[in-house]
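Engineer: My questions are about this predicted structure, shown below with the sequence.
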Amino acid sequence: MKLAVTESDHHGVGHSGALSRWGALMAGHTRAVIGVWLLVLIALGAAAPSVFTSLAGAGWQADGSESVRVRELAQQHFGGNSSAAVQVVIHSDTATLDAPAMACVVGEVGAVFAGDDRFGAAISPQPGFTISPDRHTGIVIAGANASTDDMVKAVDEHKDALTALSGDGIEVYPTGASALWSDFNKANHDAMIKAEMLSWPVTLAIMVLAFGSLVAAGLPLLLTLAGLVASAGGLVLLNQITPISVWAMNFAMMFALALGIDYALFLVARFRDALTRTGDSRAAVAETMDTAGKAVLLSGSTVLVSLSAVLIVPAPAVRTMAVGIMLAVVFVLAATLTLLPATLGALAGLVNAAALPFARRQQHRSPVFARWGQILHKYPWPFAAVALAVLIGLAAPVFGLKTAMPSIAVVPTDAPVRQGYELIQRQMGPGAPGMLSIITPSADAQATANTTRASDGIVMLTPPRPAADGSDLVMMQAVPAVDPSSPDMAEILDRLRADLPENAVVGGAAAENLDLQQTLDDYLPIVVSIILVLGFVLLLIALQAPLIAAMGTLVSLLSTAAAFGVAKLIFQDGHGAGLLGFTPQGFLDGWGPVFFFAMIFAIAMDYTVFLLATAKEHYERTGDPHAAHLDGLAHSGRVIFAAAAVMVAVFFTFALADPLPPKEMGIILGVAVLLDALLVRLALLPVILRLTGHAAWWSPAWLRRVLPAISFAHD
C-alpha cells in the first residue's frame, strides 16, 4: 500500500519540518499504519514465544584468547575434554565407587549421554584424577562435541534425567561450565519474568497518576508491548544467522519497557497540550512530532550510539546483549514515530477519555515545576553545591571498585550445579572445580610437567594424555590450590603461562573467565571514550550549542560515576546486603562496568535531550535564557519526573530477583535513574542554564555553517 502526502494531509499543519509532515502523514493514514504494524506483529509474534528456548546460553568468552584456543584444541584432538565438557558428580556417604549400586549409577550416567552426538564418549571416574581419596565421590566426564551454546542446550535437555538417577543414598549432580550456564539461565529467566510481572501494574499506576486518564496511560504500555513482541521475534530470527545470548532478551525486555514508556510519555503529553490549543488532531500530531518527536528521535539515536560502542568488545555474549537492546530500541522508536502518532490522530479528544477528577485541572505547563524553576533561578549556587556534593561524594568510592567474573554464588543454593560444585570442593579440594587444561607438543611434555608441578599454587597434575587423533600433542590438567573465583587465581594462571615452554597453552573454565575479565578491563576505557565523544557530538548536533552540549555530557558522566560508586558500596562492600537478600562476592560482576556504563549513560542522555530540547524550543521562540530555563523545566519537569518514576519502578523490581546479576542490574540502573532525574535533570542542569545564560546557547558562526539546521520551535 503506497502512502502519499497530499495537500489534505497538511490541513491545519503550520510547519514544513520533515517530522511535522511525517506526523501529518501518519495521522492521515491511521488504518494503513495500524495494518502494517499488525502484519509485522503477527509475523514476528509467531516466533516470539520461543525466544527463551531458541537463544544461546553461553558466549561468555574472549574471542582470540589463549583459553578459547585451548578449548578448540581439546575439542579437536582430545575427545571434547574441554571447559564445555559436562561433569557429573556421583557421591554416597555409605558406599564407595566399587560398590555395585555406585557402579550401576556410573553406567546409567554414561547411557544418558550415549544417544546424543553432542557428547563425546563418557569417561568413567579415574583414580588420582576424578575419584576422591576416600572413593566415596567420582566424576563422569562427557566430552563436548558441539559449540558452547549447543552444550548448554544439551544439558538443558538431559539434566533432569541425570538428577533423577539420585536415590538409595546416592547423589547425582551435573556440573561444569555448561551445566552452570544451564542452571543460571533458568534461574535468571524465572527472575526476569517475575520482575516483569511485578513491574507492569506498578507502571500502570504511575502512568495513571501522571496522565490522569486511563486511555492516555494505556497508550505507552500498548506501544511498549508492540516493541517487545517485535524485538522478541526479531531476536529469534537473528539467532538463525548468528547465536544471540538469552541475556539479550532479558535486557531488551527491561530496556524496551523503560524507554518505550519514556518516549510515549513525552509525545502523549505534548499532543494533549497541542490538541487543547489547536482543536485539530492532525495539526496537534504535526506539532507533537515537530517538537517532542524530534527530541525522541535524537534521544533514541543517542541510546543506539551509546550501545553500539559495546560492539567493539570481542565477547559474543556482551555483543549480543547490546544487539538485543538496540533491536528493542529500534522497534520501540519505530512504533513511537509511526504507530503512536497514527493512534493519537485517530483518538483525538478520546485520548483524555476515562479521566480521573484531578486530571481536568492538569496543564502541560506544570505550575509546580514552574515554581521549582523560580526557586532554582533565585538560589542557584546552594542547589548546585548540594547536588555536586552528593554526586561527587557518591562517585568517590568508584576508584576502589573491583571487578571479576561471577562466582558459583550467583547460582541458587539448591541448583544441582552448585551442589555438585561444592561437593567436589569438599571431597577433592577448593581448586578441583577449576582445573586448568594444559596442551603442549609431545616434545615439551616433560618440561611442561616439571614446570607445572614446581609452580606455586598448583597442588596436583595429571599424567600427560596423548591426543585421540594421533596428533603430536598432549594434555595435562592441573588443580590449583584456590577456589576458581579467588583473586589469587589470576596470579597462578599468569605465573604458569609465563614459566611454561613457549608452545604450551593454558585454558579451562577458570582461565576463560580470567581472559574475558582482562579483555573487558582492556576495552573499558575505549568504550567509555567512544560513548563520551559520540554523546557529545549528538548533543552538539541537536542543540547547536557547544557549551551546553559539553556540560550535558559531563553531568551525565558524573551521575553515571555516582551510580557505580553506590554499586561499589552495595555489591563489593556489602552495605545493605542483608536487606536486599544476597551474599556479597567482594566485587562487581566483570561485565558490569562496560555494559552498565553504556546503559546508564544512554538513559542519562535521554533525559538530557528531553530537558534541553524543551529549553532550546523556548529560547528559539523568545531569545530569553530565563524563559528557556524556566519554561524548559515547567514543560518537561512532570514528564521527566513521571518517566523516572516508571524507570525506577521497573528497575527496582529486578532487585527482588534471587540471582545476583539481575539484582545488580536492577539496583545499579534504578539508582542511576534516581540520581540523574532528581539531582541532575531537575536541579543541576537547570542551574547550569541559569548561570550560563545566553552563553549556554551560543554557537560560533563557522560551527553553525557545519552543523545541520535543527530547530525545536513549532511556529
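Structural biologist: Nice, I can see it.

Engineer: From start to finish, how long is stretch 502-512 in a straight line?
Structural biologist: The first and final residues of stretch 502-512 sit 19 Å from each other (CA to CA, to the nearest Å).

Engineer: Centre of the chain to it, how far?
Structural biologist: Average the C-alpha atoms of stretch 502-512, do the same for its chain, and the two points are 29 Å apart (CA atoms, centre = their mean, to the nearest Å).

Engineer: Please work out which residues outside it touch it.
Structural biologist: By CB atoms under 8 Å, 6 or more residues apart in numbering, the surrounding residues in contact with stretch 502-512 are 60-62, 65-71, 73-74, 82-83, 176-177, 434-441, 444, 448, 477, 480, 484, 489, 493, 496-497, 500. Every residue, glycine included, has its C-beta placed from N, CA and C.

Engineer: Taking those residues, please make a PyMOL selection of just the buried ones.
Structural biologist: Selection of buried members from the contacts of stretch 502-512 for PyMOL, criterion 16 or more other CB atoms under 10 Å:
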select buried, resi 60+61+62+65+67+68+70+71+73+74+82+83+176+177+434+435+436+437+438+439+440+444+448+477+480+484+489+493+496+500
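
Engineer: Helices - which of the contacts of stretch 502-512 land there?
Structural biologist: Using DSSP state H, the members of these that fall in helices are 66-71, 73-74, 177, 448, 489, 493, 496-497.

Engineer: Can you name the two of those residues that sit furthest apart?
Structural biologist: Largest separation among the ones in helices among the contacts of stretch 502-512 by CB to CB: A177 and T448, giving 23.7 Å.

Engineer: which helices and strands does the helix or strand hosting F610 pack with?
Structural biologist: Per DSSP states H and E: F610 is located in helix 592-622. Here helix 592-622 is seen to pack against helix 246-278, helix 294-308, helix 316-334, helix 509-543, helix 546-567, helix 625-653, helix 660-675, helix 685-692 when contacts are counted using 3 or more CB pairs under 8 Å, 6 or more residues apart in numbering; DSSP states H and E.

Engineer: what's near enough to touch I531?
Structural biologist: By CB under 8 Å, 6+ apart, I531 lies in contact with 305-306, 309, 597-598, 601.

Engineer: May I see the residues you listed arranged in CSV, with neighbour count as well?
Structural biologist: Output for the contacts of I531, formatted as CSV (neighbours: other CB atoms under 10 Å):
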residue, neighbour count
V305, 20
S306, 30
A309, 25
F597, 24
A598, 26
F601, 28
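
Engineer: would you list the residues you listed in TSV and tack on distance to S132?
Structural biologist: As requested, those are arranged in TSV below (distance: CB to CB, whole Å):
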residue	distance to S132
V305	54
S306	50
A309	48
F597	44
A598	45
F601	49
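
Engineer: thinking again about what came up before, ok, of the ones in helices among the contacts of stretch 502-512, which one's closest to Y379?
Structural biologist: Closest approach between the ones in helices among the contacts of stretch 502-512 and Y379, by CB to CB: M489, at 53.5 Å.

Engineer: So D116 is in contact with A154, correct?
Structural biologist: Yes. Taking contacts as CB atoms under 8 Å, D116 lies within contact range of A154: 6.2 Å.

Engineer: More neighbours: those two, which one.
Structural biologist: The neighbour count for D116 versus A154, taken as other CB atoms under 10 Å, is higher for A154 (25 against 13).

Engineer: Give me the nearest residue to the more buried one, chain neighbours excluded.
Structural biologist: The shortest distance from A154 to any non-neighbouring residue, by CB to CB, 6 or more residues apart in numbering, is to R118 (4.5 Å).

Engineer: what does the model give the one you found for pLDDT?
Structural biologist: As predicted, R118 sits at a pLDDT of 94.

Engineer: from the ones in helices among the contacts of stretch 502-512, which is closest to D290?
Structural biologist: Nearest to D290 out of the ones in helices among the contacts of stretch 502-512 is V68 (CB to CB; 50.7 Å).

Engineer: do you know how far the residue positioned nearest the centre of the chain is from V329?
Structural biologist: By CA atoms, centre = their mean, the mean C-alpha position of the chain lies nearest to F251, the distance being 4.5 Å. The gap separating F251 from V329 is 11 Å, by CB to CB, to the nearest Å.

Engineer: re the thing from before, now for the contacts of I531: which two are most distant?
Structural biologist: Using CB to CB, the contacts of I531 reach their maximum pairwise distance at V305 and F597, which is 13.5 Å.

Engineer: hmm, back to that, and of the helices and strands packed on helix 592-622, who's closest to I206?
Structural biologist: Set against I206 and scored by CB to CB, those come closest in helix 625-653, at 5.0 Å.

Engineer: CSV for the ones in helices among the contacts of stretch 502-512, including pLDDT and distance to A216?
Structural biologist: Shown next, in CSV, are the ones in helices among the contacts of stretch 502-512 (pLDDT from 0 to 100; distance: CB to CB, whole Å):
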residue, pLDDT, distance to A216
E66, 97, 57
S67, 96, 53
V68, 96, 51
R69, 97, 57
V70, 97, 58
R71, 95, 54
L73, 96, 60
A74, 95, 59
A177, 91, 49
T448, 97, 70
M489, 95, 55
L493, 97, 57
L496, 96, 63
R497, 96, 61
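
Engineer: Please identify the helix or strand for M151.
Structural biologist: Assigned by DSSP H and E, M151 belongs to helix 148-163.

Engineer: tell me what that helix is packed against?
Structural biologist: Judged by 3+ CB pairs under 8 Å, 6+ apart, helix 148-163 is in contact with strand 86-92, helix 100-114, strand 170-175, helix 177-211, helix 416-428.

Engineer: helices or strands up against the third one?
Structural biologist: So that's strand 170-175. strand 86-92, helix 100-114, helix 148-163, helix 416-428.
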